[in-house]
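Student: Structure, please.
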Amino acid sequence: MNIIMVYADSAREWNCSQWRNLSPADALNRSDRNQAKLIHVSGFVDYLAPAIQELIAPADIIIFQRNLINEEVMNGIQYWQGMGKPVAVDLDDAYHILPWSNPAHKFWIEKENSISIDMLEKGLSLCDGLIAPNKLLLNDWKHVTDGYFLNNFSEKGWWENLKSREEIKKEKNIASDRIVIGWGGSVSHYDSFHGSGIFDAAKAISNEFPNVLWMICGNDDRIYHHLPVPNRQKIHQPGVLPNLWPQIVKIFDIGIAPLFGPYDQRRSWIKGLEYLHAGVPWIGTVGEPYNELRNFGVLTENGASNWEIAIHKMIENLSEFQDTANNNIELSKQFYADNQIETFEKVFQKIINNFNQSKGILPGVIYVSPEQQRSTE
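Tutor: Prediction:
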């Protein structure tokens, strides 16, 4: 199968395109029966350029990531549909219900009376299906287009041969007797902490266990600053390159994955999956994102007391939880992208089989409906 993936992230915000485009493409290319190539949205819109024609013309399917934001994009999509190429949209975020605390809210929700969301819906209606790693997200858009569930799968090489927790703690000057409760994420997670009850739970846990150290990772430091624990019991780790992130996750003695509200319930399982690969015992909020990993971690209802109880129990029985996490590392390898080639192929083939070429519009061609044609006869 020949696949073109149109990615949206810039180098400065590289994250989603790794999970949804580059890692799958690399894994597909390592298989013996597929070829996957990437092109940025900015190049895709120049669809008549010879180099772009040469790149995309052999494709069996085009996967377009999220940025259905202008008519140039729509023209490119319809052109390739007219050339016989099904185009599916890949979304891994609920842009239609972004909370105001998310910096992207201003673009998707507020920009010129939500023109961005209107354009997204228009684009979804034009395309040949929506691919997403969350079933609630697919359900939100089912009135517009067909949905295809496709989870996030990991980059195999990043999670193999990690240093031990003890080694990495020593490198980071973290005392071996400190119990590191860790979390890392982008700028869209402040509400997850504020609404889930983690802040109050953290305060209670830190008072009871003086050797606990909260490690908050990422380039948004709001969570770190608002975490109500003494400075000696928290540390901020700035964002690192994606391939270095597993070494940070490995530091955690306990990983947390709080969710809050309908926006968070449309996330994917990434945090739980990362903890699983690294052999980190973890606790997450009950809900759609971590439902498939419920046998590999601990899920709790939100509320400060619920989170406090769950963390307290894990600390008190950490050796037992750690043994289970270590045993789960081998099981987690099934979720490497390289071990999910058939999953990718089945989803893409379904879209190809359901393709309706009549959506395509070629530039310079005037299309006349049957009704218009009869009226001119």
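Student: Return the set of buried residues in stretch 243-253.
Tutor: The neighbour-count check on stretch 243-253 (16 or more other C-beta atoms under 10 Å) flags W245, P246, Q247, I248, V249, K250, I251, F252, D253 as buried. Backbone N, C-alpha and C define where each C-beta goes, glycine included.
Student: Pull the distance from that stretch to the chain's centre.
Tutor: Here stretch 243-253 shows a centroid-to-chain-centroid distance of 18 Å under the convention C-alpha atoms, centre = their mean, to the nearest Å.
Student: go on, stretch 343-354?
Tutor: Computed by C-alpha atoms, centre = their mean, the separation of stretch 343-354 from the middle of its chain amounts to 20 Å.
Student: CA atoms of it as CSV?
Tutor: Extracted in CSV, the C-alpha atoms of stretch 343-354 (Å, rounded to 0.1, in the frame of the first residue of the first chain):
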residue,chain,number,x,y,z
THR,A,343,-4.2,-2.5,12.2
PHE,A,344,-3.1,0.4,10.0
GLU,A,345,-3.7,-1.5,6.8
LYS,A,346,-7.2,-2.6,7.7
VAL,A,347,-8.3,0.9,8.5
PHE,A,348,-6.7,2.4,5.4
GLN,A,349,-8.2,-0.4,3.2
LYS,A,350,-11.7,0.2,4.5
ILE,A,351,-11.4,3.9,3.5
ILE,A,352,-10.1,2.9,0.1
ASN,A,353,-13.0,0.4,-0.4
ASN,A,354,-15.6,3.0,0.6
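Student: what comes up buried for stretch 56-75?
Tutor: Those would be 56, 59-69, 73-74, for stretch 56-75 by 16+ other C-beta under 10 Å.
Student: From the buried residues of stretch 243-253, which land in helices?
Tutor: Judged by DSSP state H, the buried residues of stretch 243-253 include W245, P246, Q247, I248, V249 as members of helices.
Student: which ones are touching the last one?
Tutor: Pointing back at V249 there. Shown in contact with V249 (C-beta atoms under 8 Å, 6 or more residues apart in numbering): G182, G184, G255, E274, Y275, H277, A278, V280.
Student: I'd like to know how many residues surround the fourth one.
Tutor: By other C-beta atoms under 10 Å, the residues close to E274 number 24.
Student: Please identify the helix or strand for it.
Tutor: Using DSSP states H and E, the element containing E274 is helix 270-278.
Student: I'd like the next helix or strand past that helix.
Tutor: Following helix 270-278 in sequence, per DSSP H and E, is strand 282-285.
Student: And that following strand, what does it pack against?
Tutor: Using 3 or more C-beta pairs under 8 Å, 6 or more residues apart in numbering; DSSP states H and E as the contact criterion, the elements in contact with strand 282-285 are strand 254-257, helix 270-278, strand 298-300, helix 304-316.
Student: With S192 as the reference, measure out to S101.
Tutor: Noted for S101: a distance of 10 Å to S192, by C-beta to C-beta, to the nearest Å.
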